[in-house]
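In: Next comes the sequence, and after it the predicted model I'd like to discuss.
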Amino acid sequence: MEYNFSEIEKRWQQYWAKKKTFKALNPDDPEFGKKNFKGKYYVLDMFPYPSGAGLHVGHPLGYIASDIAARYKRLCGYNVLHPMGYDSFGLPAEQYAIQTGQHPAVTTEQNIKRYREQLDKIGFSFDWDREVKTSDPDYYKWTQWIFLKLFNSWYNIEKDKAEPIETLIERFRNQESRFTVDGFEKKWNELNEKEQSDVLMEYRLAYLSEAWVNWCPALGTVLANDEVKDGVSERGGHPVERKRMPQWSLRITSYAERLLKGLDTLDWSESIKEAQRNWIGRSEGTSIQFKIEHSELTIEVFTTRPDTVYGVTFLTLAPENDLVLQIITDEYKAKVEEYIHYAKNRSERERQADVKKITGQFTGAYAIHPFTNEKIPVWVGEYVLAGYGTGAVMGVPAHDTRDYAFAKHFNLPIKKVIQPNDPALANEECFDTYNGQCIHSELINGLEVTEAIKKIIAEIEKRGLGKGKVNYRLRDAIFGRQRYWGEPIPIYYEKGIPKSVDEKDLPVVLPDVDKYLPTESGEPPLARAEKWKYKDRFDYEHTTMPGWAGSSWYFLRYMDPQNEKEFAGKTATGYWQQVDLYIGGSEHATGHLLYFRFWTKFLKDLGYISIDEPAQKLINQGMIQGVSEKVYLPKSISSRFDFASNPNKRLIYFTTGIDAIDSRLTQPIEIYFHEYGSMEVPSDLDNLRQIILISEELINDSNRESVIQVNMDARLFENSKLDLKRFFESEKLLNINNPNANHIYILVNEQGSVIRRLKDESLLPANFEFKSVPEVEKMSKSKRNVITPDTDPENGQPGIIEQYGADCLRMYEMFLGPLEQHKPWNTNGITGVFNFLKKMWRLYHLSPDLSSQSEADSKALKVLHRTIKKITEDIENYSFNTAVSAFMICVNELTDLKCTSKEVLEKLCILISPFAPHLAEELWQNKLGHDGSVAYAGWPKYEEQYLVEDSYEYPVSINGKTRFKIPLSLKLTKEEVEQAVLSAEEIKKYIQGSPKKVIVVPGRIVNVVV
RNA sequence: GCGGGUGUGGCGAAAUUGGCAGACGCACCAGACUUAGGAUCUGGCGCUUAACGGCAUGGGGGUUCGAGUCCCUCCACCCGCACCA
């Protein structure tokens, strides 16, 4: 009987869907009482964004792992919640909408459909009744509701938790608080509505403020810090600049300490926890006030080294610091303004690119040293960040490398105030060690650094100059996006005052607009919806929420997805508690995973849920990388491309630039092409857009500068050689960016040139080979190296699923290596897994009727129980690759034993069902003759008795080197083993006389030392 | 610069507390069967040597009867953060 995987897999996928085999039960479900669950288990995959490219082979890696865990826990008797849904708001759909005019909801729906189709083919045990989509109004109603809760809450530092804003207003009323407005002190009740609103904005956890933001002109929106990488946007790689504008933000900084401390309780990888710790960036220090000479103003600095305060020789302010303009003297005004202008117009990227470059400007002002009363010059410098601390630093060049560099560059004095313990440092001009004593520091002379810090802080506090303080690198999260495809922020404006939409009016539904672009006056797209007003009168807020809003609480919605009255009912949240196993990529370390924790803590503070952390255990599956194929294009205008290494070859001149298959070069430019040789140049060539591709072997150091490297579709290549057949036939793979373009491709290699338009392979030089440079990198559409698990919709090539089946895909992805490790995709080993599945199938078909077979023999039972033990341990440790090996060993051995025992085969079938569920279900029901699904068959128990051995082949080492083996009874004592070994025939070769020492480890090894 | 991770055959990788290095699979080699195939089965397969043996877990050193595993030191690669005072 053939192993017909496609028929088997289709059958059981339909069966599971029809029977709702994987439905998870809430406690209020009538069925719940009938089950005798061992407990609950919540397995969650990170929320996927349904991109237009569909799933590639890397996506399922984590899903397969979580599915194995889910199926295993079900077999162990747990009520398993294993849901899936879509984080369906986001930039790519909107970018596509801008280009095509199609509503993002439409493309999103199409993408979701494709995702679902692909997910279904892999046989996951998701409870699809719980599917959620963040762009669904029934869902984002609750995202908006949580936003309102954030807006209407403040952080009570004394209680260390968030509270409703009313408790704050109550305090303001009762406590005789005074508020300074336009220079007048007023009581709360004396403030007008606008003034009250402004005061409360300083406290609300979701607030509107004038802030320095990461503005991305290409995307037309601001971005949160975690959405910017190396000065460019994470999505799309567009430049980002700093801009000051009114912005909605979330006061995540109030939770900094709790987010930091909570990490210690989590079973997450050290690298993710460390990334979050760095991102939060806690540092202890103190603030110190410096008076400005001839002025009422003071400059407050933050420092972690107050012990070096006597070493201060200058102060530096950030260019954005408002104080700068207030303190500059007339003499320096022009220069400082010029400098500020310069600094402001530098993009983040430029700024980061040359951090080594030192820039700054003296302001003309002087501060007074609070301890020595010396005059200290005040500078402004780019190296001081506006957003951290107070935007001002005290310059201690002798003990801070940045201050040192600045002082050196501008010739400022350097004053050493620490005597280091390490003599090697004593002669250095600058060192920042904590090991040493203070010198030249009146109040703290002779003290060790740590002592000095304590004493000087006490002194600073006593004199009212400042106080001990904790600073965080973490900034409040910018929450508004000047984009269309996101949750509307449920705020409206009445007389310029932002107010929350009434809860009963939620959801605020995303309105239709004529274009998905900003208005002419630069307002966000939502401003185009002219009739879109709250209560028909008031303007709504026009920015929308960022992509991470919906994913910050989705794990709660899965617990009770259809609830219309609450985001999730108390019974449901009380039962499911938190995620027991969360699997996803490590790229979310400082974004999603931080917001996810933040919202959970907030909802707990308000008493809506009872847990403090959303996910106890987190596993980051490694990335499956793709192999990109890079080819070369002449760099553009007027490059003369010269194969200098090979003077006999032809020369090609490019007199203008060229269009490229690379999206960065989208302008069509004509080229002229000359060649010495036999090739004919079509007469209409100059009317068409031409792309010249240069083979890898022609590139050398002398011409490398005149070419650029671009990705071609990896599917056109085989082992980094262009497959000419595909190249001639596949228009689609060539012109991803513009399928309608009528390009002419010219391939150039050592043998000459080929124009693709000729479309005739017979015209090719013999053995024409065009080579690319392969590179292993992230699998992504833009790198054109995506491999789909199923049939490729672009070229119709069958995928792994069609060729080998979903069970094979599942087992192969697990077999590839440890879950957490990154690995390039290659299918070289897949036949091994496929052969294994076939062999397993054959094992169950050795006998036509297993039900009448006799008792298992002890050998088969031993194999079985060893496997039960191994698989159970491996699953518990998420070591799925070794589990697959164990199955192979087991099936090989049972096949050798010609095992037809129903008892053994039944248990093996259950064991493998989390890994290869379709095969297992087929064998369970159709071969072993069971009625129900194998999914609830019960996990087999491992029994020690079958594994007990009575003899063992002791490896005998001489001086730690294994020389021979000797079978001995395990009942023997150490002494008896030693005796047996020393009297063995083989040992005579290695020792003369008596050995120095004999080490016997019972049941393991014998080592003889001579 | 700081932090995290990884280094084992031609390749993907195994290896409980330190105890037979390379399980399992791919590729390769030889053979069997054969309706010649991307089927199945048997055997071989780290390097080196004619063989005995010797050498091998990124390099060097150490602890130990015994080290891929523990300690020190250096190197390479990957990832994250980065003028955070």
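Out: Nice, thanks for sending it over.

In: C-alpha from now on. contacts and neighbour counts both.
Out: Will do.

In: For whatever residue of the stretch 201-350 of chain A ends up closest to RNA strand B, list the residues it contacts.
Out: When scored by C-alpha to the nearest atom of the strand, the stretch 201-350 of chain A has A:T303 as its residue closest to RNA strand B, at 2.8 Å. By C-alpha atoms under 8 Å, 6 or more residues apart in numbering, the contact list for A:T303 reads A:285-288, A:393-394.

In: among these, which are within reach of RNA strand B?
Out: Near RNA strand B, judged by C-alpha under 7 Å from any atom of the strand, the entries from the contacts of A:T303 are A:285, A:393-394.

In: can you list the residues you listed in TSV and add pLDDT, neighbour count and secondary structure?
Out: Shown next, in TSV, are these (pLDDT from 0 to 100; neighbours: other C-alpha atoms under 10 Å; DSSP: H, G, I helix; E, B strand; the rest coil):
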residue	pLDDT	neighbour count	secondary structure
A:G285	91	18	strand
A:V393	94	27	strand
A:M394	95	26	strand
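
In: Tell me the residues of the stretch 901-1010 of chain A that contact RNA strand B?
Out: So the stretch 901-1010 of chain A meets RNA strand B at A:953-955, A:959-962, A:997, A:999, A:1001, A:1004-1009 (C-alpha under 7 Å from any atom of the strand).

In: From these, which land in strands?
Out: A:953-955, A:961-962, A:997, A:999, A:1001, A:1005-1009 (DSSP state E).

In: Specify the local secondary structure of the residue nearest to A:V773 when sequence neighbours are not counted.
Out: Leaving out its chain neighbours, the residue that sits closest to A:V773 by C-alpha to C-alpha, 6 or more residues apart in numbering is A:K630, at 4.9 Å. Assigned by DSSP: H, G, I helix; E, B strand; the rest coil, the conformation of A:K630 is strand.

In: Looking at the stretch 501-650 of chain A, which residue is nearest RNA strand B?
Out: Counting by C-alpha to the nearest atom of the strand, the stretch 501-650 of chain A gets nearest to RNA strand B through A:E587 (6.5 Å).

In: How about the stretch 1-150 of chain A?
Out: The stretch 1-150 of chain A approaches RNA strand B most closely through A:E2 (9.6 Å), counting by C-alpha to the nearest atom of the strand.

In: that's a helix at that residue, yeah?
Out: No. With three-state DSSP as the criterion, A:E2 is coil rather than part of a helix.

In: A:E921 versus that one, what's the distance?
Out: 16 Å (C-alpha to C-alpha, to the nearest Å).

In: In terms of packing, which of these two has more residues around it?
Out: A:E921 (25 against 8; other C-alpha atoms under 10 Å).

In: returning to that earlier point: and the residue of the stretch 1-150 of chain A closest to RNA strand B, what pLDDT?
Out: We note a pLDDT of 84 for A:E2 in this prediction.

In: A:W841 versus that one, what's the distance?
Out: The gap separating A:E2 from A:W841 is 8 Å, by C-alpha to C-alpha.

In: Over to A:I8?
Out: Between A:I8 and A:W841 the distance is 12 Å, computed by C-alpha to C-alpha.

In: Look up which residues are beta-bridged to the residue of the stretch 201-350 of chain A closest to RNA strand B.
Out: As for beta bridges, A:T303 partners with A:T286 under DSSP bridges.

In: Mind pulling the model confidence for it?
Out: On the pLDDT scale, A:T303 gets 94.

In: Over to the one 5 residues further on?
Out: A:T308 carries a pLDDT value of 94.

In: Likewise for A:L758?
Out: As predicted, A:L758 sits at a pLDDT of 48.

In: circling back: could you pick out the buried ones from the ones in strands among the residues of the stretch 901-1010 of chain A next to RNA strand B?
Out: Neighbour-count burial (16 or more other C-alpha atoms under 10 Å) is assigned, among those, to A:954-955, A:1005-1008.

In: export those to TSV and tack on pLDDT?
Out: Converted to TSV, these look like this (pLDDT from 0 to 100):
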residue	pLDDT
A:Y954	85
A:P955	86
A:I1005	87
A:V1006	87
A:N1007	87
A:V1008	86
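
In: among these, which two are most distant?
Out: A:Y954 and A:V1008 (12.4 Å; C-alpha to C-alpha).

In: circling back to that earlier point, can you count the residues close to the residue nearest to A:V773?
Out: 23.

In: Kindly report the same for A:A458.
Out: 15.

In: Check A:M545 too.
Out: 26.

In: Please look at it and A:P490 and confirm they touch.
Out: No. A:M545 lies out of contact with A:P490 (C-alpha atoms under 8 Å); the separation is 9.8 Å.

In: what's near enough to touch A:Y49?
Out: So A:Y49 contacts A:86-90 (C-alpha under 8 Å, 6+ apart).

In: What's the ChimeraX line that selects buried ones from these?
Out: Only the buried entries of these go into this ChimeraX selection, using 16+ other C-alpha under 10 Å:
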select /A:86,87,88,89,90
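
In: Confidence-wise, which of the contacts of A:Y49 comes last?
Out: Among these, A:G90 has the lowest pLDDT, at 90.

In: ok, now how distant is that one from A:Y484?
Out: For A:G90, the distance to A:Y484 - C-alpha to C-alpha - is 9 Å.

In: Could you check how many residues crowd around the nearest residue to A:M46 once chain neighbours are set aside?
Out: Counting by C-alpha to C-alpha, 6+ apart, A:G584 is the residue found nearest to A:M46 once chain neighbours are left out, at 5.0 Å. By other C-alpha under 10 Å, the residues close to A:G584 number 24.

In: For A:G584, which phi and psi angles does the backbone take?
Out: Per-residue torsions, A:G584: phi -180, psi 180 (degrees, to the nearest 10).

In: For it, give the beta-bridge partners.
Out: With DSSP bridges as the criterion, A:G584 is bridged to A:N620.

In: what's the burial count for the residue of the stretch 701-850 of chain A found nearest RNA strand B?
Out: Residue nearest to RNA strand B within the stretch 701-850 of chain A: A:G832 (3.3 Å; C-alpha to the nearest atom of the strand). Residues near A:G832, counting by other C-alpha under 10 Å, number 13.

In: and it, what are its phi and psi?
Out: Backbone geometry at A:G832, expressed as degrees, to the nearest 10, gives phi -60, psi -40.

In: can you check A:H369 too?
Out: Per-residue torsions, A:H369: phi -70, psi 130 (degrees, to the nearest 10).

In: can you pull the contacts of it?
Out: With C-alpha under 8 Å, 6+ apart, A:H369 has these contacts: A:290-291, A:375-376.

In: Show the contacting residues for the residue in the stretch 901-1010 of chain A that RNA strand B sits nearest to.
Out: RNA strand B sits closest to A:G960 of the stretch 901-1010 of chain A, with a gap of 4.0 Å, by C-alpha to the nearest atom of the strand. Taking C-alpha under 8 Å, 6+ apart as the criterion, A:G960 is in contact with A:1007-1009.

In: Quick check: A:A398 touching A:Q419?
Out: No. Under the criterion of C-alpha under 8 Å, A:A398 makes no contact with A:Q419, lying 11.0 Å away.

In: quick one, which of the two is more surrounded?
Out: Between A:A398 and A:Q419, A:A398 has the larger neighbour count (other C-alpha under 10 Å), namely 26 against 19.

In: distance of that one from A:F406?
Out: Distance from A:A398 to A:F406, by C-alpha to C-alpha: 11 Å.

In: Check A:D514 too.
Out: In this view, A:D514 and A:F406 are 53 Å apart by C-alpha to C-alpha.

In: In the helix or strand containing A:R402, which residues are buried?
Out: Using DSSP states H and E, A:R402 sits within helix A:401-409. Across helix A:401-409, burial judged by 16+ other C-alpha under 10 Å covers A:402-407.

In: Among those, which ones lie close to RNA strand B?
Out: Counting by C-alpha under 7 Å from any atom of the strand, the members of those near RNA strand B are A:R402.

In: any idea which of the buried residues of helix A:401-409 is closest to A:K186?
Out: Minimum distance to A:K186 across these is 42.6 Å, recorded for A:D403 (C-alpha to C-alpha).

In: contacting residues for that closest one?
Out: Here A:D403 is in contact with A:395-397 (criterion: C-alpha under 8 Å, 6+ apart).
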